[in-house]
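J.: I would like the atomic coordinates for the input below:
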Amino acid sequence: MAEVEALKVIVKSPVSSYSSQVTQISQRTGLASRFLGSTRRKERHSSANSYKSYTLPSFGWNSTPTGQNEKHESVSEIDPIYHRELTQWRERGASGDDSSPFLSRIIIEDLTEQVLNAIKANTLELEAVSEAKPGVRTCALSMVPRFCSYKMRVNSNSEWCHISLLARNRIAAVCDFFTYIRYVNQGIVKCGVHDSYWDIITLRKNMTLARFGLSFIPKIGGSQAETL
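T.: Here you go, the predicted model:
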């Protein structure tokens, strides 16, 4: 009988001890989930960050990111449709006729018809206003109050109109484009179609930059156009 009682004690003791430990752990877990949940998440997050700090490279003042010293060349690609329109325009005499797909694509995007006609006829005059401090006027092109430090007129018989710097740059960019077109028409520009294509792309880029109020370097004049 003594051996049987001793065996019962041996069998029951581990189970009861284990169950009591599980109960205590579960109670602690329930309380911890209420009050220590965010702390545990922070600990896991900090441990993850500490792991990253050992595995990811550091980009401090003395370190150089991989590939920073590599040279990246800009890639330019020809628009086959616009290139074909340019080629056809040159083969047909490079005239200033607005009906050609090459010119009509550009003319519909910039300025008014009166200003465009003056630019194509080479009669437009554009000058800086000789004032120490230009005042706020209604820009003749945008029809909004701006500091108008320039003036223009479509021919010598018309009145001067005050324009803003933004309007002046847009006009200058379009003037550069049609000056180049005029040079091609007169035979002054003797480069091939491929080189002429990239010249015209640069001029069109300047027209786009001017439309958004960004500075550009005119291809004809060579001096940088200012921003607002």
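
J.: pretty sure Met152 contacts Trp160?
T.: Yes. Using C-beta atoms under 8 Å, Met152 and Trp160 qualify as a contacting pair, with a distance of 7.1 Å. Quick note: C-beta positions are derived from backbone N, CA and C, even for glycine.

J.: ok, these two, which is more surrounded?
T.: For Met152 versus Trp160, neighbours defined as other C-beta atoms under 10 Å are more numerous around Met152 (20 against 13).

J.: tell me the contacts of the more buried one?
T.: Contacts for Met152 (C-beta atoms under 8 Å, 6 or more residues apart in numbering) come out as 115, 124-127, 140, 160-161, 163, 168, 171.

J.: with secondary structure and distance to Ile181 added, can I get these in a markdown table?
T.: Formatted as a markdown table, those follow (DSSP: H, G, I helix; E, B strand; the rest coil; distance: C-beta to C-beta, whole Å):
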| residue | secondary structure | distance to Ile181 |
| --- | --- | --- |
| Val115 | helix | 16 |
| Leu124 | coil | 15 |
| Glu125 | strand | 19 |
| Leu126 | strand | 18 |
| Glu127 | strand | 23 |
| Ala140 | coil | 25 |
| Trp160 | coil | 26 |
| Cys161 | strand | 24 |
| Ile163 | strand | 23 |
| Arg168 | helix | 20 |
| Ile171 | helix | 16 |
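
J.: and those, which of them are buried?
T.: 115, 124, 140, 161, 163, 168, 171 (16 or more other C-beta atoms under 10 Å).

J.: in those, find the pair that's most separated.
T.: For these, the farthest-apart pair by C-beta to C-beta is Leu124 and Ala140; their separation is 12.6 Å.

J.: so where's the protein uncertain?
T.: Applying pLDDT under 70 to the chain flags the ranges 1-76, 106-111, 220-228.

J.: any chance you could map the strands in it?
T.: In the chain, the strands defined using DSSP state E lie at 125-128, 136-138, 145-147, 150-153, 161-163.

J.: circling back: can I get the contacts of Met152 in JSON lines with distance to Ile78?
T.: Below are the contacts of Met152 laid out as JSON lines (distance: C-beta to C-beta, whole Å):
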{"residue": "Val115", "distance to Ile78": "30"}
{"residue": "Leu124", "distance to Ile78": "32"}
{"residue": "Glu125", "distance to Ile78": "36"}
{"residue": "Leu126", "distance to Ile78": "33"}
{"residue": "Glu127", "distance to Ile78": "38"}
{"residue": "Ala140", "distance to Ile78": "38"}
{"residue": "Trp160", "distance to Ile78": "42"}
{"residue": "Cys161", "distance to Ile78": "39"}
{"residue": "Ile163", "distance to Ile78": "35"}
{"residue": "Arg168", "distance to Ile78": "31"}
{"residue": "Ile171", "distance to Ile78": "28"}
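
J.: tell me which two in those residues are the farthest apart.
T.: Farthest pair in those (C-beta to C-beta) is Val115 and Glu127. Separation: 15.0 Å.

J.: count of neighbours near Ser99?
T.: 7.

J.: can you tell me how far it is from Arg105?
T.: Ser99 sits 12 Å away from Arg105, going by C-beta to C-beta, to the nearest Å.

J.: try Phe212
T.: Taking C-beta to C-beta, one finds Phe212 at 19 Å from Arg105.

J.: show me which of these two is the more surrounded one.
T.: Shown here are Phe212 and Arg105; by other C-beta under 10 Å, Arg105 has more neighbours (13 against 9).
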